[in-house]
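**Q** A structural model of the following input is requested.
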Amino acid sequence: QVQLVESGGGSVQAGDSLRLSCAAPGRTFQWEAMAWFRQAPGKEREFVAAVSYNGGLQHYADSVKGRFTISRANGQDAVYLEMTTLKTEDTAVYYCAAGADPWTTVTVSTARQYRAWGQGTQVTVSS
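**A** Numbers count the residues shown, from 1 in each chain. Predicted coordinates:
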């Protein structure tokens, strides 16, 4: 399976910010959505945010709306997640995903629709 490369995780205090990055070296998802999912200990992997191939459309989980921003340069296989006002419940391993198509909110929020995944980066938020 194609591997994506994530970076930017770490340990922060509640209220702090972090920026996650993800790239797909040697591959192209030029016309497909990219996204972030997360998995907390003892919980299932859940959708966080997705962005369309040209960066023009975004979709967010309700739990992160207004705090997280996903971005992507037009046609580039790199995606970013700017996380602000972090909460302890944001603690999880964050996974980058690529390759969902077509763009519908159901499709891009469903993990099995993606054909490539990263190894995950840990984000820990303490109070």
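
**Q** mind listing the helices in this protein by residue range?
**A** With helices called from DSSP state H, the chain shows them at 105-108.

**Q** what's the residue closest to the geometric middle of it?
**A** The centroid of the chain falls nearest to W36 when counting by CA atoms, centre = their mean (1.7 Å).

**Q** Report the contact partners of that one.
**A** Applying CB atoms under 8 Å, 6 or more residues apart in numbering, we find W36 in contact with L20, C22, V48, A49, A50, I70, V79, L81, Y94, Y95, C96, A97. For every residue, glycine as well, the C-beta is placed using N, CA and C.

**Q** Please report the distance of it from T69.
**A** 11 Å (CB to CB, to the nearest Å).

**Q** Give the residues shared as contacts by those two.
**A** In contact with both W36 and T69: L81, using CB under 8 Å, 6+ apart.

**Q** gap between the helix or strand bottoming out on mean pLDDT in the chain and the chain center?
**A** Lowest on mean pLDDT, DSSP states H and E among the helices and strands of the chain sits strand 2-7, with a mean of 86. For strand 2-7, the separation from the chain centroid amounts to 11 Å (computed by CA atoms, centre = their mean, to the nearest Å).
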